[in-house]
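J.: sequence and predicted structure below; questions after.
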Amino acid sequence: MEDDGEVGPRLLIISRNRTKNFTNTSEIAKMATKLGYEVVVAEADGNVQRFAQIVNSCDVMMGIHGVDLANMVFLLENAILIQIIPIGRVGWLAKIAFGEPFKDMNIRYLDYKIQREESSLIQQYSSEHEVLNNSSSIWKKRWMAFKAVYLDKQDVNLDINRVFCYR
């Protein structure tokens, strides 16, 4: 790729130090850079103005389902929001929270549903455990049990070849 001085589109990867972390942020950033993106990795902290400026300077924002994606309100028109959806039948919640509101915001929305192998839960539970095979049974134990497993204890190791459709 020849360097013509043009900067590629800016991709914001939302980082977290709490729950639902990317375990391979540097690999994701490296692949995105290879594909022509200028990559920004940032965590939404208490400084809303600072983070809003970061979001507003990016063409694409990618993050794992969670409250940090609410910062999509600071995206420019025609920007792209990529929501990474963890395993555990979280898709309905993800769609309601972030997949629907974008329609009135003039931004484009994509979601990426991770595979079981991309979830940290495979390291925490045996392959036969109900957490990995029957999330409905966890849901039946009520919201707090479901949230504790699928939203609080699950990190993501993105399959960069799958997410970027790069082979």
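T.: Cool, the structure landed.

J.: which stretches of this protein have low pLDDT?
T.: Low-confidence segments of the chain, defined by pLDDT under 70: 1-6, 166-167.

J.: show me where it has helices.
T.: 25-34, 48-56, 91-94, 121-124, 130-133, 135-139, 143-146, 160-163 (DSSP state H).

J.: now do the second one: which elements does it pack against?
T.: If you count contacts as 3 or more C-beta pairs under 8 Å, 6 or more residues apart in numbering; DSSP states H and E, helix 48-56 packs onto strand 38-42. For every residue, glycine as well, the C-beta is placed using N, CA and C.

J.: touching the strand it packs on from outside, list them.
T.: Strand 38-42 is touched from outside by 7-15, 25, 29, 32-33, 51, 54, 57-58, with contacts defined as C-beta atoms under 8 Å, 6 or more residues apart in numbering.

J.: next one: stretch 64-84
T.: 14, 16, 19-22, 43-44, 51-52, 55-56, 58-63, 85-86, 90, 93-94, 97-99, 101-102, 105-112, 114, 151, 156, 158.

J.: if we can go back for a sec, now the helices of the chain in TSV, with distance to residue 73 and mean neighbour count?
T.: Shown next, in TSV, are the helices of the chain (distance: least, C-beta to C-beta, whole Å; neighbours: other C-beta atoms under 10 Å):
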stretch	distance to residue 73	mean neighbour count
helix 25-34	23	16
helix 48-56	8	14
helix 91-94	17	16
helix 121-124	30	14
helix 130-133	33	16
helix 135-139	29	15
helix 143-146	26	13
helix 160-163	24	14
